[in-house]
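Peer 1: Whatever this is, show me its structure:
(one chain, ligands or ions: 1)
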Amino acid sequence: MESWQRIETIARRLFRLYGYGEVRTPILENTELFSRTIGTETDIVQKEMYSIADSKGKNFSLRPEGTAPVVRAYLQHGLFHDGQIDKLYYIGPMFRRERPQKGRYRQFHQIGAEVLGSDHPAIEAEVIDMLSLFLQEVGFTSGELLINSVGDSQCRPSYIKQLKKEIDNHLSEFCSDCRRRSNVNPLRVLDCKSPSCQPLIEQLPSILDYLCHECRQHFDEFRHYLDLYEISYRVEPRLVRGLDYYIRTTFEMVDERIGPTQNAILGGGRYDGLSELLGGPNEKGFGFALGIERLALLLSDEKKVIQDYQRPQPDIFLAHLDKPSFEECLKIVQQLRSQQISAYLDFEPRSLKAQMRLANRLKTRYVCVVGLNEIDSGTFSIKRMSDGSEISVKLEAIAEHVKEK
Ligand code: AMP
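Peer 2: Predicted coordinates for the structure are as follows:
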């Protein structure tokens, strides 16, 4: 949890710097939201959603991803602004029916961000620049960025036609899923994880050879802006990312240590048609999602998990000798906390020696022993644990003294 909190804290701070506000959507959504947007022939919709029907037969699913719910919420609440870019991020659990293994879980957590309202290739590079800075700050520097363009409704059909033709030439060699996909959605063959299909997939045509002028130009400009940010990448023409709503730019950050078939730490792309698909205006969109478990896994590999985030240490430990001093401590602790001092009080009737042992274990910065003398005089002795030095202060000055030092 400490490494997760560190990852989340850095994300929240950095995303804010880039102009993103947080959005929280429900975990349960209409099943149709996902089947219509992600695509009925994708692995997610075909095999991986947890769905339930309510007593009226309406179908709901635990969200398998965050983009469609964000766009749904945005439309439902009329939040699109003409001519304005909106930037949103989310952090939360997603659910997919999987065989749990290293880096692959049925409930996992994503940090994601969406830019709504622009189709400029520079905004795509800016998102990746934000991700690079984020990964650098959390201490992950070894991933490889893969990019691709999956074309748009103008140029993709002719690619898909050619793709299907070539798949059909070797149809019997593909797995049964791919044989079905070849008929209904040949692009999804490129997502196949079956090892036996991989050499066949490598022989299939590259979508980059089929891009129309506009998509080619968009992709070139995207690459130009990545160069401007000095971000290195590799073009991977088979990166189509398993969801139907993507057009043009797609990208992934991969690291082989997670595993051969689930090596992506994060992925994203452009989804300009998604809003219209949900009955909204023609809004542009671009975003990514990052798996917290996978990132934490790699960071723990590199022993970079807990660098600057430490378990909270109390500023001051209040030790008590009997019931009246315990009750006095309760009041002091309450007052200190209201002054932003992290104060610790033990609730067991332990000996002073046992309380001091506990104070050492908690690595508290100061200790104050409260007995009858202190209560009567209103003067308290504060001991600094680092050098054993002591100072007497009035009750009102404890907070100031601890803060100052
Ligand atoms: P996707 O939404 O499929 O593009 O996934 C985006 C990121 O979420 C991946 O790169 C992973 O880091 C993470 N992810 C996806 N599925 C899982 C899963 N079943 N278990 C853990 N992490 C996952």
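Peer 1: which stretches of the stretch 51-200 of the chain form helices?
Peer 2: For the stretch 51-200 of the chain, the helices defined by DSSP state H, counting those that start in this stretch cover 67-76, 121-138, 156-169, 176-184, 198-202.
Peer 1: Now for the closest residue to the ligand within the stretch 1-150 of the chain: which residues touch it?
Peer 2: Evaluated by C-beta to the nearest ligand atom, the stretch 1-150 of the chain has residue 108 as its residue closest to the ligand, separated by 3.3 Å. For every residue, glycine as well, the C-beta is placed using N, CA and C. Residues in contact with residue 108 (C-beta atoms under 8 Å, 6 or more residues apart in numbering) are 93, 94, 96, 291, 292, 293.
Peer 1: Return only those of the residues you listed found close to the ligand.
Peer 2: For the ligand, the contacts drawn from the contacts of residue 108 by C-beta under 6 Å from any ligand atom are 96, 291, 293.
Peer 1: Let me know the closest of those to residue 167.
Peer 2: Here the nearest of these to residue 167, counting by C-beta to C-beta, is residue 96; it sits at 25.8 Å.
Peer 1: Nearest residue to that closest one in space, please, no chain neighbours.
Peer 2: residue 48 (4.0 Å; C-beta to C-beta, 6 or more residues apart in numbering).
Peer 1: How about the residues of this protein by the ligand?
Peer 2: Residues of the chain lying close to the ligand (C-beta under 6 Å from any ligand atom) are 65, 96, 98, 103-105, 108, 110, 242, 264-267, 289-291, 293-294.
Peer 1: Pull out the buried residues from those residues.
Peer 2: Applying 16 or more other C-beta atoms under 10 Å to the residues of the chain next to the ligand, the neighbour count classes 65, 96, 103-105, 108, 110, 242, 264-267, 289-291, 293-294 as buried.
Peer 1: Quick check: strands, which of the residues you listed are part of them?
Peer 2: Among these, the members found in strands (DSSP state E) are 108, 110, 264, 265, 266, 267, 289, 290, 291.
Peer 1: Between all of these, which two are at the greatest distance?
Peer 2: 108 and 267 (13.3 Å).
Peer 1: Overlap of the contact sets of the two?
Peer 2: Shared contacts of residue 108 and residue 267, defined by C-beta under 8 Å, 6+ apart, are absent.
Peer 1: Who are the contact partners of the residue of the stretch 251-400 of the chain at minimum distance from the ligand?
Peer 2: Nearest to the ligand in the stretch 251-400 of the chain, going by C-beta to the nearest ligand atom, is residue 291, at a distance of 2.2 Å. Contact analysis of residue 291 by C-beta under 8 Å, 6+ apart lists 103, 108, 109, 110, 264, 265, 266.
Peer 1: Which pair in these has the greatest spatial separation?
Peer 2: 109 and 264, at 14.9 Å, using C-beta to C-beta across the contacts of residue 291.
Peer 1: secondary structure class for the residue lying closest to residue 375 once chain neighbours are set aside?
Peer 2: Closest residue to residue 375 apart from its sequence neighbours, by C-beta to C-beta, 6+ apart: residue 328 at 5.2 Å. State at residue 328, reduced to three classes by DSSP: H, G, I helix; E, B strand; the rest coil: helix.
Peer 1: just to revisit the earlier point, which pLDDT value belongs to the residue nearest to residue 96?
Peer 2: On pLDDT, residue 48 comes in at 93.
Peer 1: Now the host helix or strand of residue 367: average pLDDT?
Peer 2: Taking DSSP states H and E as the definition, residue 367 sits inside strand 366-370. Summarised as a single mean, pLDDT over strand 366-370 is 97.
Peer 1: still on that earlier bit, closest one to residue 24 out of the ones next to the ligand among the contacts of residue 108, please.
Peer 2: Nearest to residue 24 among these: residue 291, at 18.5 Å, using C-beta to C-beta.
Peer 1: okay if I get the ones next to the ligand among the contacts of residue 108 as a markdown table plus pLDDT?
Peer 2: Below are those laid out as a markdown table (pLDDT from 0 to 100):
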| residue | pLDDT |
| --- | --- |
| 96 | 96 |
| 291 | 97 |
| 293 | 94 |
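Peer 1: Among those residues, which one sits closest to residue 278?
Peer 2: Among those, residue 96 lies closest to residue 278 (C-beta to C-beta), at 21.2 Å.
Peer 1: Report the contact partners of that closest one.
Peer 2: Going by C-beta under 8 Å, 6+ apart, residue 96 touches 44, 48, 49, 50, 64, 106, 108.
Peer 1: Counting neighbours, what do you get for the residue lying closest to residue 233 once chain neighbours are set aside?
Peer 2: Using C-beta to C-beta, 6+ apart and skipping residues adjacent in sequence, the residue nearest residue 233 is residue 145, 4.2 Å away. Residues lying near residue 145 (other C-beta atoms under 10 Å) number 19.
Peer 1: Distance check, residue 172 against residue 179.
Peer 2: 8 Å (C-beta to C-beta, to the nearest Å).
Peer 1: Next: residue 95.
Peer 2: For residue 95, the distance to residue 179 - C-beta to C-beta - is 28 Å.
Peer 1: quick one, which of these two is more surrounded?
Peer 2: residue 95 (19 against 15).
Peer 1: Could you give the bridge partners of the residue of the stretch 251-400 of the chain closest to the ligand?
Peer 2: Counting by DSSP bridges, residue 291 is bridged to residue 110.
Peer 1: coming back round to it: would you turn the ones next to the ligand among the contacts of residue 108 into JSON lines with distance to residue 118?
Peer 2: Output for those, formatted as JSON lines (distance: C-beta to C-beta, whole Å):
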{"residue": "96", "distance to residue 118": "30"}
{"residue": "291", "distance to residue 118": "26"}
{"residue": "293", "distance to residue 118": "31"}
